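Visitor: one predicted model, sequence on top.
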There are 4 protein chains.
Amino acid sequence: MYCYLMTTTGRPAGPTEDTTTVVLTAALDLLLAEGAAALTAQRLHQATGVSRSTIYRHWPTPTAVLGALIEVAPSPPLEPTGDVSRDLHAEVDALCNRLRDKPVAAFLQALTAVAASDPDARELREQYVGDLLAPFRAVLRDAGLPSVAADDAVAAIVSPLLVDALLLGRPTARTRAHRMVDVQIAMVAR
Amino acid sequence: MYCYLMTTTGRPAGPTEDTTTVVLTAALDLLLAEGAAALTAQRLHQATGVSRSTIYRHWPTPTAVLGALIEVAPSPPLEPTGDVSRDLHAEVDALCNRLRDKPVAAFLQALTAVAASDPDARELREQYVGDLLAPFRAVLRDAGLPSVAADDAVAAIVSPLLVDALLLGRPTARTRAHRMVDVQIAMVAR
Amino acid sequence: MYCYLMTTTGRPAGPTEDTTTVVLTAALDLLLAEGAAALTAQRLHQATGVSRSTIYRHWPTPTAVLGALIEVAPSPPLEPTGDVSRDLHAEVDALCNRLRDKPVAAFLQALTAVAASDPDARELREQYVGDLLAPFRAVLRDAGLPSVAADDAVAAIVSPLLVDALLLGRPTARTRAHRMVDVQIAMVAR
Amino acid sequence: MYCYLMTTTGRPAGPTEDTTTVVLTAALDLLLAEGAAALTAQRLHQATGVSRSTIYRHWPTPTAVLGALIEVAPSPPLEPTGDVSRDLHAEVDALCNRLRDKPVAAFLQALTAVAASDPDARELREQYVGDLLAPFRAVLRDAGLPSVAADDAVAAIVSPLLVDALLLGRPTARTRAHRMVDVQIAMVAR
DNA sequence: ATTTAACCGAGACGGTACGTCCCGTCTTTAC
DNA sequence: GTAAAGACGGGACGTACCGTCTCGGTTAAAT
């Protein structure tokens, strides 16, 4: 990323901005429409007109494409209000929206599928899931909960959502998640 | 297509018993070692010596192999004692063991991976997950819990285990699951 | 060629007769029209409609194609009359015809070109040139000439023809070759 | 294209002397080691560190590289003594040496290989062979031989050497060539 | 014992995708 | 204007599977 020692001569390395946007846009479309298996150099070439060579040059593996996609599509963070209950409910809504509106669910499925054969993707997947859980954990930590209890609560709230999206392929159970938030808060209050 | 009148002569259809066991055994090994992508006719041929033609004849797709595998490896059902708490803890232990000892986690990952491209596998996957949840649901239903509440409790207990096995690739959090059982029972008791 | 130990089971190996004739016919055409560089799996596929895979299966390298071509296009041997002079002149005419009518000159050029990068072709080339010279050598040997003298004579007669065909790309100097035969016979007579 | 009026300012056109020598030296090495197919811009770049662009600028085709090589490696001409026999023997020795020490044989093979696909190379090849034969022809012409007879003699002497080097890939038959010289002189004397 | 249908192995064949390599052109940057 | 570095499109290469098929030979039940 950071080039401390610029070679100073020759054309700058890396794909043209054009190429980058065209390819990644098509990649996202393909991912949503057909899943991770479609993130092939071949398919990207067919979809974009960008030559196969060029794609291999800059994104040698489907995992690399996934990585680039995740990098350019970050989650807008929510601002905490300090009220634990309200914050958690807000986070649940945000996550449900992201899972419903596709990219996140698609990323998860893709990462799971690719991880079966590519260790790099395994790593990427764990980091991605971690990033999804982080805001929840932060809210509970800020509320003074000890680490283990916070993790338990996060798991109870978020896991069912992920399982719905990933394993059962059905819309996430938003209302159940909200109930679960209340339960966890009641637990903690005691 | 429809054989109303079975011609009684000739050799009975279907693979030799030998062939079946040899192929499915190798298939399980391959699945555990390399994931669903290895359940190819090609790979099974290489692993077993059984000819590629034969494999295509009896298991035309990887999903068919997966289905056959799941069929021959059923879960031994636990006998309920009537004590809800004890039964739930027992089920948690049983599920954790099955997830730890591999086949189940591998099946889940395989089904998720294959489901990306094969609708048949999608169906198979949902049924498989349903079968995993069923015993829990049964215990809580038998205890007189209403349907929605039972589903919530099952989700809270089981989902984190599945997420651990599937998405985070780490050993399942057995003790947390047991804590969660106690929490859910306490909730219900109120 | 000769299968003493037939595997007795499974489909017989080797390309279908159809495939063989279609491919080799096209190969000869390509060779004459564009030289050895055209004996690619790719080109043969384009020219015949036979799939690239099939061609690679049976003739993995251009050298293999050349070898097959040479095998199916043998030189009809001349019958010796016993008169050395007449026989040599006849052989010169035969060779000139074969060089003029293409295949042989094309084979030589092809073998030379391919030999630059494929040792197998080197071997094939030497054998092929040897076969071209053999009849001349045979005539002179039968006439009782010692080996070295025969080789000298053959070289003097044939080499200029080969050089014309190969290096100068011009019609072979048939009349000079006949003069050379007379000269060599005169030499020997002395 | 046509510069009637040379603009006297700016850097003089053409490659740096450094570049030229570095590239052509490497080209010769590559030619001797791997044949004409290695005279690629790519390979020359790898071998020299000179950038691919630069090489394309000055030697757009492999044939151009070959041409430049031939230009810078001229044959040191022998001085005629006037004695036909001695001069011919000297020329035979000189040619055999050049064929043995590689460059010339390599040039011939390279030119033959390239000529298959590049007409320019064909021309170059014929000129090159002509230059190889010229000294012999000169000696015999100076001795008063008519054109046709001289050509016959040259062919008889030189062709076997070329065939050895090119087609049979074996050391040239130097002693036979000397014998052939004597024979030709004897012939002429009669 | 014969039928007879199905088994099984070996492999040809067309087809698609893969990942790599090279080619020739070009653009950007520095000297 | 030389030179370097590299993007880019294009094409071929050789490999690997895939799914279908066509041969052969074998096996096991029912007649």
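Guide: Great, that's in hand.
Visitor: when you work out contacts or count neighbours from here on, use the C-alpha atoms and nothing else.
Guide: Noted.
Visitor: got a list of what the single nearest residue of chain A relative to chain B touches?
Guide: Here chain A gets closest to chain B at one residue, A:Ala113, 4.5 Å apart by Cα to the nearest Cα. Each residue near A:Ala113 by Cα atoms under 8 Å, 6 or more residues apart in numbering or on different chains is listed here: A:36, B:109, B:112-114, B:116.
Visitor: now these in JSON lines, with distance to D:His89, pLDDT and secondary structure?
Guide: Output for those, formatted as JSON lines (distance: Cα to Cα, whole Å; pLDDT from 0 to 100; DSSP: H, G, I helix; E, B strand; the rest coil):
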{"residue": "A:Ala36", "distance to D:His89": "76", "pLDDT": "90", "secondary structure": "helix"}
{"residue": "B:Gln109", "distance to D:His89": "82", "pLDDT": "85", "secondary structure": "helix"}
{"residue": "B:Thr112", "distance to D:His89": "83", "pLDDT": "84", "secondary structure": "helix"}
{"residue": "B:Ala113", "distance to D:His89": "79", "pLDDT": "83", "secondary structure": "helix"}
{"residue": "B:Val114", "distance to D:His89": "79", "pLDDT": "86", "secondary structure": "helix"}
{"residue": "B:Ala116", "distance to D:His89": "80", "pLDDT": "79", "secondary structure": "coil"}
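Visitor: where does pLDDT dip in chain A?
Guide: A:1-8, A:190 (pLDDT under 70).
Visitor: and A:Asp69, how many neighbours?
Guide: For the record, residue A:69 is Leu, not Asp. 19 (other Cα atoms under 10 Å in any protein chain shown).
Visitor: nearest residue to it other than its sequence neighbours?
Guide: Excluding the flanking residues, the one nearest A:Leu69 by Cα to Cα, 6 or more residues apart in numbering or on different chains is A:Leu24, at 6.5 Å.
Visitor: quick one, longest helix in chain A?
Guide: Counting residues, the longest helix found in chain A (DSSP state H) is helix A:119-142.
Visitor: ok, that helix near chain B or not?
Guide: Yes: contact of helix A:119-142 with chain B (Cα under 8 Å from any Cα of the partner chain) involves A:125-126, A:129.
Visitor: so the residue of chain A closest to chain B versus chain D, what's the distance?
Guide: 39 Å (Cα to the nearest Cα, to the nearest Å).
Visitor: what of A:Thr175?
Guide: 63 Å.
Visitor: give me the element that residue is part of.
Guide: In this assignment (DSSP states H and E), A:Thr175 forms part of helix A:174-189.
Visitor: how about chain A: which residue is closest to chain D?
Guide: Closest point on chain A to chain D, by Cα to the nearest Cα, is A:Gly10, at 10.5 Å.
Visitor: contacting residues around that residue?
Guide: So A:Gly10 contacts nothing (Cα under 8 Å, 6+ apart).
Visitor: now it: phi and psi?
Guide: Note on A:Gly10: backbone dihedrals following degrees, to the nearest 10 are phi 90, psi 170.
Visitor: distance check, it against DNA strand E.
Guide: 4 Å (Cα to the nearest atom of the strand, to the nearest Å).
Visitor: repeat for A:Pro119
Guide: Counting by Cα to the nearest atom of the strand, the gap from A:Pro119 to DNA strand E is 14 Å.
Visitor: same question for A:Arg141.
Guide: From A:Arg141 to DNA strand E the distance is 43 Å (Cα to the nearest atom of the strand).
Visitor: from memory that residue sits against A:Val148, does it?
Guide: No: using Cα atoms under 8 Å as the test, A:Arg141 is too far from A:Val148 to be in contact (10.1 Å).
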